[in-house]
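[1] Just to be clear, the model below is a prediction. Sequence and coordinates:
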Amino acid sequence: MTKISENKVWRIIARIDDEIIVKQASSVEKSTRSLRNAVCQRLCDSAGIEYELGWWKGRRHKSRRDFVDNFIGTPLYVQIDDEVDIDLHEVPYEVYSIEQVRLTFRKMTLMTPDNIDAWGYLHWGPGDDEKMQLLGEKLPIPQHMSHSRGFEEEEVIAISDAQQCIDECPKCKSEFPFGTIILVTENFRLIPAICCDSMIWLKEEDSEENEDWT
């Protein structure tokens with residue numbers, strides 16, 4: 001941890017929608033953590049979602065930290081009373097959308113069978129503009145399923161009709177309702193199963209005997 005003298009601080013600056021946020025502390029770590037939290041709070045407020053304590057913790061939330069850091073400039077070691085100079089901190093102009101914020105901070109809590117429709121859209125509200133196509137998006141793989149037993153993400157490369165690919169729900173053994181889909185990644189299959197209100201993950205080898213999966 002890099003400490004300071006009594007008359008100097010580590011100052012770091014962010015910009016969101018032309019609003020400037022300045023934090024300074026006795027170490028780079030403290031000032032960065034404080035600013036990250038302030039930026040996250042501001043983004044959550046803009047998107048109308050609840051700020052989550054501990055939002056940055058763990059490897060699984062690296063995408064959240066990376067997104068927040070896009071708004072943050074370079075930390076500088078300055079005199080406490082020095083005038084704030086945004087240019088010296090190289091503070092970026094970051095353009096973002098409410099959709100990006102909601103997906104970054106809520107994607108996995110939104111990933112329920114009720115929120116995923118038959119066309120592969122993830123919905124976070126009732127409006128037609130409150131949805132995003134999951135095809136091409138990366139999904140965090142559950143730790144117990146991952147090959148490394150660590151954090152992994154895989155891109156959704158295809159969307160299939162579950163009724164055409166598998167005879168019954170692997171969990172409740174009932175027939176899939178019309179419109180049930182399968183999200184296909186390179187090594188996994190995810191079924192948002194309305195029949196038993198479950199997100200069912202399967203490895204590729206569990207389905208490779210049926211060529212219709214892909």
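    Thanks, I have it.
[2] What residues does the one residue sitting closest to the centre of the chain make contact with?
    The structure's the chain has its C-alpha centroid closest to T104; by Cα atoms, centre = their mean the separation is 3.1 Å. Neighbouring residues of T104 by Cβ atoms under 8 Å, 6 or more residues apart in numbering: 63-64, 67. Any C-beta I mention is one placed from the backbone N, CA and C, and that applies to glycine too.
[3] Helix or strand: which one has it?
    Following DSSP states H and E, one finds T104 within helix 98-110.
[4] So which bits of the top helix by length along the chain are buried?
    Counting by DSSP state H, the longest helix found in the chain is helix 28-47. Across helix 28-47, burial judged by 16 or more other Cβ atoms under 10 Å covers 28, 30-32, 35-40, 42-44, 47.
[5] again with stretch 152-170
    For stretch 152-170, by 16+ other Cβ under 10 Å, it's 152, 154, 156, 159-160, 162-163, 165-166, 169-170.
[6] quick one on the thing from earlier: now the helix holding T104 against helix 28-47, angle please.
    100 degrees (axes from the mean of the first three to the mean of the last three Cα atoms, to 10 degrees).
[7] C-terminal to helix 98-110, what's the next element?
    Beyond helix 98-110 toward the C-terminal end (DSSP H and E), the next one is strand 121-123.
[8] Report the mean per-residue pLDDT for the helix or strand following that following strand.
    Downstream of strand 121-123, the next assigned helix or strand under DSSP H and E is strand 131-133. For strand 131-133, the mean pLDDT works out to 87.
[9] same for strand 131-133, what does it pack against?
    strand 121-123 (3 or more Cβ pairs under 8 Å, 6 or more residues apart in numbering; DSSP states H and E).
[10] and I49, how many neighbours does it have?
    16 (other Cβ atoms under 10 Å).
[11] pretty sure it is in contact with K107, am I right?
    No: applying Cβ atoms under 8 Å, one finds I49 not in contact with K107, separated by 11.4 Å.
[12] What separation do you get for the residue nearest to the centre of the chain and S174?
    35 Å (Cβ to Cβ, to the nearest Å).
[13] and if you look at M199?
    16 Å.
[14] higher neighbour count, those two?
    Each of M199 and S174 has its neighbours counted (other Cβ under 10 Å); M199 has more, 16 against 11.
[15] Now do the same contact list for that one.
    M199 neighbours (Cβ under 8 Å, 6+ apart): 111-113, 190-193.
[16] Now with 7 Å, please.
    Counting by Cβ atoms under 7 Å, 6 or more residues apart in numbering, M199 touches 111-113, 190, 192.
[17] tell me the SS of it?
    strand (DSSP: H, G, I helix; E, B strand; the rest coil).
[18] which residues does it form a beta bridge with?
    P192 (DSSP bridges).
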